[in-house]
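S.K.: Fold the following and give me the result.
(one chain, ligands or ions: 3)
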Amino acid sequence: MKTLKIAIQKSGRLNEKSVELLKNCGLNFENYKSSLISPVSNFPLEILFLRDDDIPEYVQDGIADLGIVGENVIQETEVIVSYLQKLGFGKCSLKLAVPNNSDIVNLTDLNNRSIATTYPVILGKFLQKNGINADIRTISGSVEISPGLGLSDAICDLVSTGGTLKSNGLKPFGDVMSSEAVLIGRKGIENEILVQELIQRIQSVLRAKETKYVVLNAPKENLTDILKLLPGVKSPSVVSLAEEGWVAVHTVIPERDFWDRISQLKQAGAQGIVVMPIEKIIL
Ligand SMILES: Nc1ncnc2c1ncn2[C@@H]1O[C@H](COP(=O)(O)OP(=O)(O)OP(=O)(O)O)[C@@H](O)[C@H]1O
Ligand SMILES: O=P(O)(O)OC[C@H]1O[C@H](OP(=O)(O)OP(=O)(O)O)[C@H](O)[C@@H]1O
Ligand SMILES: [Mg+2]
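M.R.: Ligands and ions are numbered 1, 2, ... in the order given. Predicted coordinates:
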């Protein structure tokens, strides 16, 4: 059987989450920092550990079949690959920012000004789309210090908490793109059975992460009200308790409105609510 290759970041922001995701998919491999390639012992897959900038081109050119990388890097490298699955981590935005005391307030104020960035392609397209004629200064890192050094009037860089901007006396004033880690594949690879199997495993892990398993007790007469509040993979299970007139309800609920849902359930008469993490949901 053919062995697939998946490229993930060697070290940096996406490394740990990429390794965790693949391990949660049941893949066994060693994650030695010194080895650049690691075979998976229980799936026909090899893991390549690379600089993230190289991953899109390796996938486009078929050196790797699959890759995990930020959307920002894919757009910057302008590769032609298949987007297979958003992965829900590495979330950040590419933003324009200026010094706190800058006279730049609107996008049009950037005309004839300089902007430092490590994303000249994405920024260039953004400026062109908005009819702005600015001087893009491409640098390879530490973008936030460039206005302070007199190298540029503004910057365009990745932001998540905003802490780095703040500590360098900068304020964001415009969004260029939002990004998260995605699984990409060489064009056409999505039709291969092994790839479909891997995507299904990834989706079952992601689905489980977004959901909690809940067991609660309630008097039978409150059941109708409680069931109205509950979804479930198909529908909730209802089991009689040893105590007459009581039931236990088992279900899954989405993480995003978890606390609202719990307080509504308590108001509807639910008691002894037990909440558990889920490892996988296979549909
Ligand atoms: N502050 C952040 N919060 C969340 N995600 C981020 C943040 N900064 C970057 N990312 C995402 O993580 C990816 C990797 O970021 P990292 O800083 O590790 O890259 P790098 O320094 O270019 O790494 P490499 O050594 O592999 O080239 C980015 O391309 C982006 O998609
Ligand atoms: O909004 P924040 O949460 O402060 O994050 C933003 C910072 O994170 C990224 O750099 P990173 O820390 O990954 O270091 P790098 O420049 O070495 O890649 C990015 O380039 C910003 O500098
Ligand atoms: Mg990089």
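S.K.: Next, Leu123: secondary structure please.
M.R.: Three-state call for Leu123 (DSSP: H, G, I helix; E, B strand; the rest coil): helix.
S.K.: That one and ligand 2, how far apart?
M.R.: Separation of Leu123 from ligand 2 (C-beta to the nearest ligand atom, to the nearest Å) stands at 14 Å. (C-beta placed from N, C-alpha, C; glycine too.)
S.K.: tally of neighbours for that residue?
M.R.: Neighbourhood size, Leu123 [other C-beta atoms under 10 Å]: 25.
S.K.: contacting residues for the residue in the stretch 101-250 of the chain that ligand 3 sits nearest to?
M.R.: Closest residue of the stretch 101-250 of the chain to ligand 3, C-beta to the ion: Thr118 (8.3 Å). Neighbouring residues of Thr118 by C-beta atoms under 8 Å, 6 or more residues apart in numbering: 138-141, 143, 157.
S.K.: Ile155 too?
M.R.: 96-98, 115-117, 143-144, 146-147, 170.
S.K.: Tell me the bridge partners for it.
M.R.: Taking DSSP bridges as the rule, Ile155 bridges to Ala97, Ala116.
S.K.: can you check Tyr213 too?
M.R.: Val252, Met276.
S.K.: Longest helix in the chain, please.
M.R.: Ranked by residue count, the top helix of the chain under DSSP state H comes out as helix 193-209.
S.K.: OK, contacts around Leu127?
M.R.: Neighbours of Leu127 in contact, by C-beta under 8 Å, 6+ apart: 110, 133-134, 136.
S.K.: How about the secondary structure of it?
M.R.: helix.
S.K.: now it: how far from ligand 1?
M.R.: On the measure of C-beta to the nearest ligand atom, Leu127 and ligand 1 end up 20 Å apart.
S.K.: ok, now Ala270?
M.R.: Relative to ligand 1, and taking C-beta to the nearest ligand atom, Ala270 is found at 37 Å.
S.K.: Equivalent analysis for Ser140, please.
M.R.: Taking C-beta to the nearest ligand atom, one finds Ser140 at 9 Å from ligand 1.
S.K.: What residues does that residue make contact with?
M.R.: Contacts of Ser140 (C-beta under 8 Å, 6+ apart): Thr118.
S.K.: host element of it?
M.R.: Using DSSP states H and E, Ser140 sits in no helix or strand.
S.K.: Angles on the backbone of it, please.
M.R.: Note on Ser140: backbone dihedrals following degrees, to the nearest 10 are phi -100, psi 0.
S.K.: Could you do Thr3 as well?
M.R.: The phi/psi pair for Thr3 (degrees, to the nearest 10) is phi -100, psi 130.
S.K.: list the buried ones in stretch 199-213?
M.R.: 199, 201-209, 211-213 (16 or more other C-beta atoms under 10 Å).
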